[in-house]
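Peer 1: give me coordinates for this.
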Amino acid sequence: MKPRVLKYDIDGDGEPLILVPGGLTGWVSWIPHQERLGRKGYQAIRVQPIHNELGSAGNPGDPGYTREIERESLRLTLDELGIGQADFAGWSGGGKALIDFAVVHGDRVRSLTLIEPAAYWIFQRLGETEPELEEFIRYLNGLSGKEVNEDDLAVFLSKAGFVDGPASARDHPYWERAMPHRMTLSWLSKEVMSSETSIEQLSRIECPALLTKGTTTEPWGKRVVDLLGEHLPNARVVELEGSHAHHIESIDRFIAEIHKHLASVHTGIMTPHPGAE
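Peer 2: Alright, predicted model coming up:
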């Protein structure tokens, strides 16, 4: 596989804000946020990563898909849109991908909003162990390249903290939204979910960063956010009511927080990047 321009959808005018989804439902999760942010004067741009696009179409994960393809596809999309520098918001796997993107293409990133990013590698870098998280990662890696069935999805939603347990997953309101996209889990291989980012590189991401976590999120999920908040030099951490999907469950509060965050970093019109056409 090779990097390519991602599918994208634009709403509104103003400063560009790139919305990168998590690894399951993809860009549909950003629709209500995009509409509100577009009305607030931003050019809100939803992108659909390759693994979300192909997984949601029912295709099993391709072993040739890498985090480099994920990262460079986002760069190519910015070039296609003629955007030199933008604000970025990413949920879960999308947040993890944006950290990697900011390390390599920091000149393209004006600010970050990271919603419980799946930057689980930070525990290993700091010498911490989280047995429950390690079990979750092993389970997720085991789905790589395979057909993901309903039972697999139920276990994933439980381990990721969306539901109280696999038995209750099918009765949860999120189930109907997640089911059509379950094959995206087949794309989240160990290579895609890991990172080469070091703590030193993390400390050099100097753009303003808003990090959010949910009140009922798994303890290890909250810990990831707190550790990132400690090591990103210009970060603010906010806790919102809800779970791993708190930006959806508490959308009014989230929109208020990201609007405040972006208003604080906007200092002028961004000029096109030299590589953009």
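Peer 1: poorly predicted segments of the stretch 51-200 of the chain, please.
Peer 2: Scanning the stretch 51-200 of the chain for pLDDT under 70 picks out nothing.
Peer 1: do a quick rundown of the strands in it.
Peer 2: Counting by DSSP state E, counting those that start in this stretch, the stretch 51-200 of the chain has strands at residues 86-91, 109-115.
Peer 1: which helices and strands does the shortest one pack with?
Peer 2: Packed against strand 86-91, as judged by 3 or more Cβ pairs under 8 Å, 6 or more residues apart in numbering; DSSP states H and E, are the following elements: strand 15-20, helix 93-104, strand 109-115, helix 251-265. From N, CA and C alone the C-beta is placed, and that goes for glycine too.
Peer 1: using PDB, write out the CA atom coordinates for that strand.
Peer 2: The C-alpha trace of strand 86-91 is given here as PDB (Å, rounded to 0.1, in the frame of the first residue of the first chain):
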ATOM      1  CA  ALA A  86      -4.100  23.900  10.600                       C
ATOM      2  CA  ASP A  87      -5.600  23.100  13.900                       C
ATOM      3  CA  PHE A  88      -6.200  19.400  14.500                       C
ATOM      4  CA  ALA A  89      -8.500  17.300  16.700                       C
ATOM      5  CA  GLY A  90      -8.300  13.600  17.000                       C
ATOM      6  CA  TRP A  91     -10.200  10.900  19.000                       C
END
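Peer 1: out of the strands of the stretch 51-200 of the chain, nearest to V192?
Peer 2: Distance to V192, taken as Cβ to Cβ, is lowest for strand 86-91 among these, at 14.3 Å.
Peer 1: what residues does the closest one touch?
Peer 2: Residues outside strand 86-91 that contact it (Cβ atoms under 8 Å, 6 or more residues apart in numbering): 15-22, 29-30, 42, 45, 78, 96-98, 101-102, 108-117, 247, 258, 262, 265, 270.
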